[in-house]
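>>> Kindly generate the corresponding structure for this input.
(one chain, ligands or ions: 1)
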Amino acid sequence: MVYDYDLLVIGAGSGGVRAARIAAGYGKKVAICESDKVGGTCVIRGCVPKKLFVYASQYNKLFKTAKTFGWDVQSQFNWTTLLQNKNDEIDRLNGIYLKLLSNAGVELIKGHGSFVNEHTVDVGGEHYTAENILIATGGVPTIPNIPGRQYVITSNEALDLPELPETITINGGGYIAVEFAGIFNSLGVKVNLVYRGQQILRGFDDQVAQFAQESFVEAGINVMTNTEITAVEKDVDGYVCQSNNGDIRSDAVFFATGRKANTASLNLEQVGIKIKPNGQVIVNKGQQTNLPHILAVGDVCNSDNLTPVAIREGHYLVNRLFNKGNQYPEYDFIPTTVFSQPEIGTCGLTEAEAKAQYTNIECFTSTFRAMKYAMSEVTEKTLMKIVVNTDTDQVLGIHVCGADGGEMIQGFGVALKQGLTKTQLNSTIGIHPTSAEEFVTL
Ligand code: NDP
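Below you'll find the model as predicted:
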(Lines give C-alpha, C1' and ligand atoms only; values in the text may rest on other atoms or scores of the structure.)
Protein backbone atom coordinates (compact mmCIF):
# COMPACT_ATOMS: atom_id res chain seq x y z
CA MET A 1 0.00 0.00 0.00
CA VAL A 2 1.39 3.42 -0.94
CA TYR A 3 0.36 6.28 1.30
CA ASP A 4 0.40 10.02 0.67
CA TYR A 5 2.54 10.56 3.79
CA ASP A 6 4.79 8.69 6.20
CA LEU A 7 3.28 10.77 9.01
CA LEU A 8 0.11 12.84 9.12
CA VAL A 9 -0.30 14.95 12.25
CA ILE A 10 -3.73 16.19 13.34
CA GLY A 11 -3.29 19.43 15.30
CA ALA A 12 -0.49 21.99 15.02
CA GLY A 13 0.10 22.70 18.70
CA SER A 14 3.32 22.27 20.63
CA GLY A 15 3.47 18.47 20.48
CA GLY A 16 2.22 18.11 16.89
CA VAL A 17 4.50 20.76 15.41
CA ARG A 18 7.57 19.29 17.13
CA ALA A 19 6.76 15.77 15.94
CA ALA A 20 6.09 16.93 12.36
CA ARG A 21 9.21 19.05 12.14
CA ILE A 22 11.57 16.41 13.51
CA ALA A 23 10.06 13.64 11.36
CA ALA A 24 10.46 15.77 8.23
CA GLY A 25 14.06 16.42 9.27
CA TYR A 26 14.61 12.66 9.10
CA GLY A 27 13.62 12.76 5.44
CA LYS A 28 10.05 11.56 5.96
CA LYS A 29 7.06 12.83 4.01
CA VAL A 30 5.02 14.69 6.60
CA ALA A 31 1.82 16.74 6.65
CA ILE A 32 0.10 18.53 9.51
CA CYS A 33 -3.51 19.67 9.49
CA GLU A 34 -4.82 22.60 11.51
CA SER A 35 -7.98 24.68 11.29
CA ASP A 36 -6.66 27.60 13.37
CA LYS A 37 -3.37 29.46 13.46
CA VAL A 38 -0.32 27.31 14.05
CA GLY A 39 0.95 27.05 17.63
CA GLY A 40 -1.95 25.49 19.51
CA THR A 41 -3.28 26.33 22.95
CA CYS A 42 0.11 27.31 24.33
CA VAL A 43 0.94 29.94 21.72
CA ILE A 44 -2.50 31.20 20.72
CA ARG A 45 -4.76 31.00 23.77
CA GLY A 46 -2.68 29.71 26.67
CA CYS A 47 0.81 30.00 28.10
CA VAL A 48 2.15 32.76 25.85
CA PRO A 49 -0.67 35.34 25.91
CA LYS A 50 -1.32 34.52 29.57
CA LYS A 51 2.31 35.20 30.49
CA LEU A 52 2.24 38.47 28.51
CA PHE A 53 -0.80 39.47 30.57
CA VAL A 54 1.00 38.46 33.77
CA TYR A 55 3.92 40.71 32.81
CA ALA A 56 1.52 43.54 31.97
CA SER A 57 -0.29 43.25 35.28
CA GLN A 58 2.90 43.07 37.34
CA TYR A 59 3.76 46.66 36.40
CA ASN A 60 1.21 47.75 38.98
CA LYS A 61 3.37 46.32 41.75
CA LEU A 62 6.56 47.53 40.09
CA PHE A 63 5.23 51.09 40.02
CA LYS A 64 4.43 50.82 43.74
CA THR A 65 7.97 49.68 44.53
CA ALA A 66 9.46 52.20 42.08
CA LYS A 67 8.59 55.08 44.43
CA THR A 68 10.77 53.69 47.18
CA PHE A 69 13.69 53.41 44.76
CA GLY A 70 13.37 57.10 43.92
CA TRP A 71 11.32 56.86 40.73
CA ASP A 72 8.27 59.08 40.43
CA VAL A 73 6.22 57.26 37.80
CA GLN A 74 2.90 58.54 36.44
CA SER A 75 1.22 55.47 35.02
CA GLN A 76 -1.95 54.72 33.15
CA PHE A 77 -3.00 51.33 31.84
CA ASN A 78 -4.54 50.81 28.40
CA TRP A 79 -6.16 47.41 27.84
CA THR A 80 -6.59 47.94 24.07
CA THR A 81 -2.87 48.56 23.64
CA LEU A 82 -2.07 45.37 25.53
CA LEU A 83 -4.55 43.34 23.43
CA GLN A 84 -3.17 44.71 20.18
CA ASN A 85 0.44 44.06 21.14
CA LYS A 86 -0.44 40.59 22.41
CA ASN A 87 -2.15 39.79 19.10
CA ASP A 88 0.82 41.11 17.13
CA GLU A 89 3.15 38.92 19.17
CA ILE A 90 0.99 35.86 18.55
CA ASP A 91 0.98 36.63 14.82
CA ARG A 92 4.77 36.90 14.95
CA LEU A 93 5.07 33.53 16.70
CA ASN A 94 2.57 32.01 14.27
CA GLY A 95 4.82 33.21 11.45
CA ILE A 96 7.87 31.63 13.09
CA TYR A 97 6.04 28.31 13.47
CA LEU A 98 4.90 28.42 9.83
CA LYS A 99 8.47 29.04 8.73
CA LEU A 100 9.80 26.23 10.92
CA LEU A 101 7.34 23.83 9.33
CA SER A 102 7.95 24.92 5.75
CA ASN A 103 11.76 25.00 6.21
CA ALA A 104 11.57 21.44 7.48
CA GLY A 105 9.50 20.43 4.45
CA VAL A 106 6.25 19.77 6.34
CA GLU A 107 3.09 20.30 4.29
CA LEU A 108 0.43 22.35 6.12
CA ILE A 109 -3.14 21.33 5.33
CA LYS A 110 -5.57 24.02 6.47
CA GLY A 111 -8.75 22.66 8.01
CA HIS A 112 -10.21 20.31 10.58
CA GLY A 113 -9.03 16.71 10.37
CA SER A 114 -11.18 13.68 11.17
CA PHE A 115 -10.71 9.97 10.59
CA VAL A 116 -12.26 8.26 7.58
CA ASN A 117 -10.55 4.94 8.19
CA GLU A 118 -7.44 3.85 10.04
CA HIS A 119 -5.07 5.20 7.37
CA THR A 120 -7.18 8.08 6.00
CA VAL A 121 -8.00 11.53 7.35
CA ASP A 122 -10.58 13.90 5.91
CA VAL A 123 -9.73 17.61 5.85
CA GLY A 124 -12.37 19.84 4.26
CA GLY A 125 -13.71 17.03 2.07
CA GLU A 126 -10.28 15.97 0.77
CA HIS A 127 -8.92 12.58 1.84
CA TYR A 128 -5.27 12.13 2.85
CA THR A 129 -3.65 8.77 3.56
CA ALA A 130 -0.70 8.12 5.85
CA GLU A 131 1.26 5.17 7.16
CA ASN A 132 1.29 6.74 10.66
CA ILE A 133 -1.24 9.21 12.04
CA LEU A 134 -0.54 11.32 15.11
CA ILE A 135 -3.40 12.77 17.15
CA ALA A 136 -2.14 15.99 18.76
CA THR A 137 -5.36 17.94 19.17
CA GLY A 138 -4.81 19.10 22.77
CA GLY A 139 -7.64 20.07 25.11
CA VAL A 140 -10.55 22.49 25.41
CA PRO A 141 -12.08 24.25 28.44
CA THR A 142 -15.07 22.60 30.11
CA ILE A 143 -18.01 24.38 31.73
CA PRO A 144 -20.35 22.48 34.07
CA ASN A 145 -23.87 22.00 32.82
CA ILE A 146 -25.63 24.65 34.90
CA PRO A 147 -28.38 27.12 33.97
CA GLY A 148 -26.88 30.24 32.41
CA ARG A 149 -23.67 28.56 31.22
CA GLN A 150 -24.05 30.50 27.94
CA TYR A 151 -23.11 33.70 29.84
CA VAL A 152 -19.85 32.23 31.07
CA ILE A 153 -16.50 32.92 29.44
CA THR A 154 -13.42 30.67 29.58
CA SER A 155 -9.71 31.37 29.25
CA ASN A 156 -10.22 31.49 25.46
CA GLU A 157 -12.43 34.58 25.67
CA ALA A 158 -10.67 36.09 28.72
CA LEU A 159 -7.62 36.67 26.54
CA ASP A 160 -9.64 38.76 24.10
CA LEU A 161 -12.17 40.70 26.16
CA PRO A 162 -13.11 43.86 24.24
CA GLU A 163 -12.84 45.85 27.46
CA LEU A 164 -11.67 45.24 31.01
CA PRO A 165 -14.62 44.62 33.35
CA GLU A 166 -14.83 46.47 36.67
CA THR A 167 -15.63 43.22 38.49
CA ILE A 168 -15.20 39.59 37.54
CA THR A 169 -16.20 36.31 39.17
CA ILE A 170 -13.77 33.48 38.47
CA ASN A 171 -14.96 29.97 39.27
CA GLY A 172 -12.29 27.33 39.98
CA GLY A 173 -9.23 26.93 42.14
CA GLY A 174 -6.65 25.44 39.76
CA TYR A 175 -3.89 26.84 37.55
CA ILE A 176 -6.04 28.90 35.21
CA ALA A 177 -8.35 30.33 37.88
CA VAL A 178 -5.56 31.63 40.12
CA GLU A 179 -3.42 32.87 37.24
CA PHE A 180 -6.26 34.96 35.81
CA ALA A 181 -7.35 36.08 39.28
CA GLY A 182 -3.85 37.54 39.70
CA ILE A 183 -3.86 39.17 36.26
CA PHE A 184 -7.26 40.85 36.65
CA ASN A 185 -6.64 41.83 40.27
CA SER A 186 -3.34 43.49 39.42
CA LEU A 187 -4.96 45.31 36.50
CA GLY A 188 -7.41 46.88 38.95
CA VAL A 189 -10.43 44.61 38.40
CA LYS A 190 -12.34 43.58 41.53
CA VAL A 191 -12.01 39.78 41.55
CA ASN A 192 -14.18 37.15 43.26
CA LEU A 193 -12.33 33.83 43.16
CA VAL A 194 -14.94 31.17 43.87
CA TYR A 195 -13.89 27.65 44.80
CA ARG A 196 -16.12 24.71 45.64
CA GLY A 197 -13.70 23.14 48.15
CA GLN A 198 -12.08 24.16 51.42
CA GLN A 199 -8.71 25.14 50.02
CA ILE A 200 -7.75 26.25 46.48
CA LEU A 201 -4.92 24.63 44.52
CA ARG A 202 -5.83 21.06 45.38
CA GLY A 203 -2.93 18.73 44.64
CA PHE A 204 -0.30 21.32 45.55
CA ASP A 205 1.50 21.16 48.90
CA ASP A 206 -1.14 22.10 51.51
CA GLN A 207 1.07 24.64 53.27
CA VAL A 208 2.01 26.25 49.95
CA ALA A 209 -1.62 26.31 48.79
CA GLN A 210 -2.74 27.89 52.07
CA PHE A 211 0.08 30.45 51.92
CA ALA A 212 -0.84 31.25 48.31
CA GLN A 213 -4.50 31.69 49.21
CA GLU A 214 -3.63 34.04 52.08
CA SER A 215 -1.34 35.99 49.75
CA PHE A 216 -4.11 36.34 47.17
CA VAL A 217 -6.48 37.66 49.85
CA GLU A 218 -3.84 40.11 51.04
CA ALA A 219 -3.36 41.27 47.44
CA GLY A 220 -7.06 42.14 47.32
CA ILE A 221 -8.73 39.10 45.75
CA ASN A 222 -12.05 38.11 47.33
CA VAL A 223 -11.47 34.35 47.77
CA MET A 224 -14.74 32.50 48.45
CA THR A 225 -14.15 28.87 49.39
CA ASN A 226 -16.79 26.18 50.01
CA THR A 227 -18.85 28.01 47.42
CA GLU A 228 -20.56 26.32 44.52
CA ILE A 229 -22.08 28.31 41.70
CA THR A 230 -25.35 26.68 40.70
CA ALA A 231 -26.66 29.10 38.08
CA VAL A 232 -25.71 32.30 36.26
CA GLU A 233 -28.23 34.99 35.40
CA LYS A 234 -27.91 38.13 33.30
CA ASP A 235 -29.66 41.39 34.11
CA VAL A 236 -29.26 45.03 33.08
CA ASP A 237 -26.38 45.58 35.50
CA GLY A 238 -24.34 42.51 34.58
CA TYR A 239 -24.34 38.95 35.84
CA VAL A 240 -25.48 37.24 39.02
CA CYS A 241 -23.97 33.91 40.08
CA GLN A 242 -26.29 32.00 42.38
CA SER A 243 -24.43 29.97 44.96
CA ASN A 244 -24.85 28.20 48.29
CA ASN A 245 -23.26 31.34 49.79
CA GLY A 246 -25.71 33.75 48.20
CA ASP A 247 -25.69 35.79 45.01
CA ILE A 248 -22.38 37.01 43.60
CA ARG A 249 -22.70 39.98 41.28
CA SER A 250 -20.11 41.00 38.69
CA ASP A 251 -19.63 42.39 35.17
CA ALA A 252 -18.17 39.14 33.84
CA VAL A 253 -18.22 35.48 34.83
CA PHE A 254 -15.23 33.30 33.98
CA PHE A 255 -15.17 29.55 34.57
CA ALA A 256 -11.78 27.86 34.90
CA THR A 257 -13.28 24.53 35.86
CA GLY A 258 -10.87 22.27 34.02
CA ARG A 259 -10.14 21.14 30.49
CA LYS A 260 -10.96 18.02 28.53
CA ALA A 261 -9.33 16.21 25.62
CA ASN A 262 -10.22 17.66 22.24
CA THR A 263 -11.44 14.44 20.67
CA ALA A 264 -15.14 15.08 20.13
CA SER A 265 -15.10 15.62 16.36
CA LEU A 266 -12.22 13.36 15.32
CA ASN A 267 -14.45 10.42 14.45
CA LEU A 268 -12.32 8.13 16.62
CA GLU A 269 -15.13 5.63 17.06
CA GLN A 270 -15.23 5.25 13.26
CA VAL A 271 -11.82 3.53 13.38
CA GLY A 272 -12.21 1.94 16.81
CA ILE A 273 -9.65 4.02 18.69
CA LYS A 274 -10.15 3.51 22.40
CA ILE A 275 -10.71 6.50 24.67
CA LYS A 276 -11.19 6.95 28.42
CA PRO A 277 -14.58 8.01 29.83
CA ASN A 278 -13.22 11.59 30.00
CA GLY A 279 -12.53 11.53 26.25
CA GLN A 280 -8.74 11.15 26.46
CA VAL A 281 -7.10 8.87 23.92
CA ILE A 282 -5.65 5.76 25.59
CA VAL A 283 -1.99 5.27 24.70
CA ASN A 284 0.77 2.92 25.85
CA LYS A 285 4.25 3.97 26.94
CA GLY A 286 5.19 4.34 23.27
CA GLN A 287 2.30 6.80 22.61
CA GLN A 288 0.50 4.13 20.56
CA THR A 289 -3.26 3.77 20.63
CA ASN A 290 -4.86 0.34 20.39
CA LEU A 291 -4.10 0.68 16.66
CA PRO A 292 -0.28 0.82 16.82
CA HIS A 293 0.24 3.12 13.80
CA ILE A 294 -2.18 5.69 15.27
CA LEU A 295 -0.40 7.66 17.95
CA ALA A 296 -1.17 10.49 20.31
CA VAL A 297 0.84 13.06 22.28
CA GLY A 298 0.08 15.93 24.64
CA ASP A 299 -3.07 16.98 26.47
CA VAL A 300 -5.24 14.77 24.28
CA CYS A 301 -3.80 11.70 25.99
CA ASN A 302 -1.49 12.50 28.92
CA SER A 303 -2.03 13.43 32.56
CA ASP A 304 0.63 16.14 32.78
CA ASN A 305 -1.04 18.82 30.68
CA LEU A 306 2.09 20.89 30.18
CA THR A 307 3.62 22.19 26.94
CA PRO A 308 7.14 20.84 27.53
CA VAL A 309 5.69 17.38 28.21
CA ALA A 310 3.80 17.39 24.89
CA ILE A 311 6.95 18.54 23.07
CA ARG A 312 9.05 15.83 24.68
CA GLU A 313 6.48 13.14 23.87
CA GLY A 314 6.29 14.25 20.22
CA HIS A 315 10.05 14.50 19.79
CA TYR A 316 10.92 11.14 21.34
CA LEU A 317 8.06 9.47 19.50
CA VAL A 318 9.36 10.40 16.04
CA ASN A 319 12.91 9.58 17.13
CA ARG A 320 11.70 6.09 17.93
CA LEU A 321 9.57 5.82 14.78
CA PHE A 322 12.03 7.12 12.22
CA ASN A 323 15.51 7.42 13.71
CA LYS A 324 16.18 4.28 15.77
CA GLY A 325 15.74 6.22 19.01
CA ASN A 326 14.85 4.29 22.13
CA GLN A 327 14.19 7.10 24.61
CA TYR A 328 10.89 7.52 26.43
CA PRO A 329 9.75 10.63 28.35
CA GLU A 330 10.31 10.48 32.10
CA TYR A 331 7.47 11.84 34.15
CA ASP A 332 9.10 12.03 37.57
CA PHE A 333 10.22 15.38 38.99
CA ILE A 334 8.53 17.54 36.35
CA PRO A 335 8.98 21.11 37.58
CA THR A 336 5.98 23.36 37.09
CA THR A 337 4.97 26.93 37.83
CA VAL A 338 1.61 28.51 38.46
CA PHE A 339 1.93 32.10 37.25
CA SER A 340 -0.24 33.46 40.00
CA GLN A 341 0.80 36.56 41.96
CA PRO A 342 2.84 35.56 43.94
CA GLU A 343 3.80 32.68 41.69
CA ILE A 344 4.20 29.08 42.74
CA GLY A 345 7.14 26.94 41.64
CA THR A 346 7.06 23.28 42.53
CA CYS A 347 8.93 20.07 41.77
CA GLY A 348 8.61 16.63 43.32
CA LEU A 349 6.44 15.43 46.17
CA THR A 350 4.24 17.47 48.45
CA GLU A 351 4.54 16.89 52.20
CA ALA A 352 1.35 14.79 52.17
CA GLU A 353 2.51 12.68 49.22
CA ALA A 354 5.91 12.11 50.86
CA LYS A 355 4.28 11.04 54.13
CA ALA A 356 2.10 8.57 52.25
CA GLN A 357 5.10 6.99 50.53
CA TYR A 358 7.92 7.13 53.13
CA THR A 359 8.27 6.55 56.86
CA ASN A 360 10.51 9.37 58.00
CA ILE A 361 9.98 12.77 56.47
CA GLU A 362 11.24 16.16 57.56
CA CYS A 363 10.18 19.48 56.08
CA PHE A 364 12.24 22.66 56.15
CA THR A 365 10.54 25.99 55.55
CA SER A 366 11.35 29.67 55.48
CA THR A 367 9.06 32.69 55.13
CA PHE A 368 10.42 36.14 54.37
CA ARG A 369 9.81 39.36 52.47
CA ALA A 370 11.79 39.54 49.23
CA MET A 371 14.41 42.29 49.23
CA LYS A 372 12.87 44.05 46.27
CA TYR A 373 9.73 44.73 48.30
CA ALA A 374 11.42 45.38 51.66
CA MET A 375 11.31 49.18 51.44
CA SER A 376 7.95 49.44 49.70
CA GLU A 377 4.27 49.28 50.55
CA VAL A 378 4.11 45.82 48.93
CA THR A 379 3.60 43.34 51.77
CA GLU A 380 3.88 40.17 49.67
CA LYS A 381 5.99 37.44 51.25
CA THR A 382 7.78 34.35 50.01
CA LEU A 383 7.45 30.80 51.37
CA MET A 384 10.08 28.21 50.60
CA LYS A 385 9.81 24.58 51.53
CA ILE A 386 11.80 21.41 51.02
CA VAL A 387 10.60 17.90 51.79
CA VAL A 388 13.34 15.42 52.77
CA ASN A 389 13.37 11.67 53.31
CA THR A 390 15.49 11.52 56.48
CA ASP A 391 16.28 7.81 56.01
CA THR A 392 18.08 8.43 52.71
CA ASP A 393 18.70 12.19 52.93
CA GLN A 394 17.05 12.52 49.49
CA VAL A 395 15.20 15.74 48.77
CA LEU A 396 11.77 14.60 47.60
CA GLY A 397 10.19 17.96 46.89
CA ILE A 398 10.98 21.65 46.54
CA HIS A 399 8.24 24.26 46.66
CA VAL A 400 8.19 28.03 46.57
CA CYS A 401 5.44 30.61 46.61
CA GLY A 402 6.83 34.06 46.01
CA ALA A 403 8.44 36.47 43.57
CA ASP A 404 10.39 34.74 40.79
CA GLY A 405 9.40 31.28 42.10
CA GLY A 406 9.13 29.89 38.57
CA GLU A 407 12.60 31.01 37.57
CA MET A 408 14.02 29.45 40.75
CA ILE A 409 12.47 26.04 40.40
CA GLN A 410 13.80 25.07 36.96
CA GLY A 411 17.41 24.68 38.15
CA PHE A 412 16.40 22.84 41.29
CA GLY A 413 14.35 20.52 39.06
CA VAL A 414 17.56 19.40 37.38
CA ALA A 415 19.12 18.59 40.75
CA LEU A 416 16.03 16.77 42.05
CA LYS A 417 15.90 14.63 38.92
CA GLN A 418 19.50 13.56 39.62
CA GLY A 419 18.65 12.47 43.19
CA LEU A 420 19.66 15.58 45.12
CA THR A 421 20.32 15.05 48.84
CA LYS A 422 19.88 17.54 51.65
CA THR A 423 23.64 17.32 52.33
CA GLN A 424 24.42 18.21 48.71
CA LEU A 425 21.98 21.08 48.87
CA ASN A 426 23.61 22.45 52.01
CA SER A 427 27.16 21.96 50.66
CA THR A 428 26.32 24.35 47.80
CA ILE A 429 27.26 28.00 48.35
CA GLY A 430 24.33 30.39 48.00
CA ILE A 431 24.16 33.41 45.73
CA HIS A 432 23.78 36.52 47.84
CA PRO A 433 21.55 38.47 47.91
CA THR A 434 18.86 36.39 46.21
CA SER A 435 15.70 34.69 47.40
CA ALA A 436 16.84 31.37 45.94
CA GLU A 437 19.83 31.20 48.30
CA GLU A 438 17.39 30.31 51.08
CA PHE A 439 17.09 26.85 49.58
CA VAL A 440 20.74 25.99 50.27
CA THR A 441 20.66 27.24 53.84
CA LEU A 442 17.42 25.64 55.06
P1 NDP B 1 -7.35 22.43 36.94
O2 NDP B 1 -7.68 21.01 36.84
O3 NDP B 1 -5.99 22.85 37.34
O4 NDP B 1 -8.39 23.16 37.89
C5 NDP B 1 -9.77 23.02 37.70
C6 NDP B 1 -10.46 23.68 38.87
O7 NDP B 1 -11.84 23.72 38.63
C8 NDP B 1 -10.24 22.91 40.18
O9 NDP B 1 -10.08 23.84 41.21
C10 NDP B 1 -11.55 22.13 40.32
O11 NDP B 1 -11.91 21.89 41.65
C12 NDP B 1 -12.54 23.09 39.72
N13 NDP B 1 -13.70 22.43 39.17
C14 NDP B 1 -13.74 21.35 38.35
N15 NDP B 1 -15.02 21.05 38.04
C16 NDP B 1 -15.80 21.93 38.69
C17 NDP B 1 -17.20 22.12 38.78
N18 NDP B 1 -18.04 21.33 38.13
N19 NDP B 1 -17.67 23.13 39.55
C20 NDP B 1 -16.80 23.94 40.21
N21 NDP B 1 -15.46 23.81 40.16
C22 NDP B 1 -14.96 22.82 39.41
O23 NDP B 1 -7.75 23.00 35.50
P24 NDP B 1 -7.36 24.32 34.75
O25 NDP B 1 -8.43 24.48 33.75
O26 NDP B 1 -7.05 25.43 35.69
O27 NDP B 1 -6.02 23.90 34.03
C28 NDP B 1 -5.98 22.71 33.23
C29 NDP B 1 -4.59 22.18 33.17
O30 NDP B 1 -3.82 22.97 32.28
C31 NDP B 1 -3.80 22.25 34.49
O32 NDP B 1 -4.07 21.16 35.32
C33 NDP B 1 -2.38 22.29 34.01
O34 NDP B 1 -1.93 20.97 33.78
C35 NDP B 1 -2.48 23.04 32.70
N36 NDP B 1 -2.09 24.45 32.87
C37 NDP B 1 -0.80 24.72 33.18
C38 NDP B 1 -0.39 26.01 33.37
C39 NDP B 1 1.04 26.29 33.74
O40 NDP B 1 1.88 25.42 33.55
N41 NDP B 1 1.34 27.46 34.29
C42 NDP B 1 -1.31 27.14 33.24
C43 NDP B 1 -2.65 26.74 32.93
C44 NDP B 1 -3.02 25.45 32.75
P45 NDP B 1 -11.39 20.62 42.49
O46 NDP B 1 -10.03 20.95 42.98
O47 NDP B 1 -12.40 20.52 43.59
O48 NDP B 1 -11.43 19.46 41.57
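>>> wait, what's in contact with whichever residue of the stretch 101-250 of the chain sits closest to the ligand?
Closest to the ligand within the stretch 101-250 of the chain is G174: 2.0 Å, counting by Cβ to the nearest ligand atom. Placement of C-beta: from N, CA and C, glycine included. By Cβ atoms under 8 Å, 6 or more residues apart in numbering, the contact list for G174 reads I200, L201, R202, A256, G258.
>>> give me that answer again for 10 Å
Neighbouring residues of G174 by Cβ atoms under 10 Å, 6 or more residues apart in numbering: Y195, I200, L201, R202, G203, F204, A256, T257, G258, R259, V338.
>>> Include secondary structure when you put those into JSON lines, please.
Below are the contacts of G174 laid out as JSON lines (DSSP: H, G, I helix; E, B strand; the rest coil):
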{"residue": "Y195", "secondary structure": "coil"}
{"residue": "I200", "secondary structure": "coil"}
{"residue": "L201", "secondary structure": "coil"}
{"residue": "R202", "secondary structure": "coil"}
{"residue": "G203", "secondary structure": "coil"}
{"residue": "F204", "secondary structure": "coil"}
{"residue": "A256", "secondary structure": "coil"}
{"residue": "T257", "secondary structure": "coil"}
{"residue": "G258", "secondary structure": "coil"}
{"residue": "R259", "secondary structure": "strand"}
{"residue": "V338", "secondary structure": "strand"}
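>>> buried subset of these?
Buried subset of the contacts of G174 (neighbour count, 16 or more other Cβ atoms under 10 Å): Y195, I200, L201, F204, A256, T257, G258, R259, V338.
>>> Isn't the fourth one up against G348?
Read that as F204. No - in this structure, F204 is not within contact of G348 by Cβ atoms under 10 Å, at 11.9 Å.
>>> Overlap in contacts, those two.
H399.
>>> Now do the buried residues in the top strand by length along the chain.
Secondary structure of the chain per DSSP state E: the longest strand is strand 126-135. Using 16+ other Cβ under 10 Å as the test for burial, strand 126-135 gives Y128, T129, A130, E131, N132, I133, L134, I135.
>>> Same list, the buried ones among the contacts of G174, but as a markdown table with pLDDT please.
Supplementary listing: the buried ones among the contacts of G174 in a markdown table, determined by pLDDT from 0 to 100:
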| residue | pLDDT |
| --- | --- |
| Y195 | 98 |
| I200 | 98 |
| L201 | 98 |
| F204 | 98 |
| A256 | 98 |
| T257 | 98 |
| G258 | 97 |
| R259 | 97 |
| V338 | 98 |
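>>> ok, so of the residues you listed, who is nearest S243?
The closest of the buried ones among the contacts of G174 to S243 turns out to be Y195 (Cβ to Cβ; 11.0 Å).
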